[in-house]
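Chemist: Okay, here's the prediction I keep looking at, along with the sequence it came from:
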Amino acid sequence: MPTTPEETVSAFVECMQSRNLPGILALYEPDALFIPAAGPRATGHAALAEAFRATFALNPTIEATPSEVLVNGDLAWLANRWRFRGDAPDGTRIDQSGCSSVTLRRSPDGTWRIAIDRL
């Protein structure tokens with residue numbers, strides 16, 4: 001598990017590239033809120049799993065780079081520049097980029113988990 005907010009981003013990218021659903025869910029708090037650029041909000045691991053399964057179906061390639069990280073005790077806010085490439089069900093190529101805002105919380109064991117993820 002990641003021990004810095006930046007490592008959390010790297011772990012997320014690795015899990016997305018390898019389609020590792022348990023790995024991605026482990027990066028989120030159990031009641032985390034995910035707000036995608038398109039589509040409904042997802043709260044909690046069950047809803048997150050559904051959202052990420054749909055993303056995996058697009059055969060995604062993801063790049064992500066933290067552009068700003070602010071840490072205050074056990075909370076962190078991270079601005080993240082990302083690029084997403086994939087294939088829509090009709091075969092259309094998807095190529096999107098943007099900046100996400102992520103709130104993370106340090107667990108008692110020193111690892112960081114995502115509480116709010118907004119694309």
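Modeler: Alright, I've got the coordinates.

Chemist: from here on, contacts and neighbour counts on C-alpha atoms
Modeler: Noted.

Chemist: Farthest from the middle of the chain: give me that residue.
Modeler: Centroid-distance maximum for the chain: D90 at 24.9 Å, with C-alpha atoms, centre = their mean.

Chemist: quick one: what helix or strand has that one in it?
Modeler: In this structure, D90 is located outside every helix and strand according to DSSP states H and E.

Chemist: OK, contacts around it?
Modeler: With C-alpha atoms under 8 Å, 6 or more residues apart in numbering as the criterion, no residue contacts D90.

Chemist: how far away is it from A57?
Modeler: As judged by C-alpha to C-alpha, to the nearest Å, D90 and A57 stand 12 Å apart.

Chemist: name the element A49 belongs to?
Modeler: Counting by DSSP H and E, A49 is part of helix 45-56.

Chemist: Show the subsequent helix or strand relative to that helix.
Modeler: Downstream of helix 45-56 (by DSSP H and E), the next one is strand 61-72.
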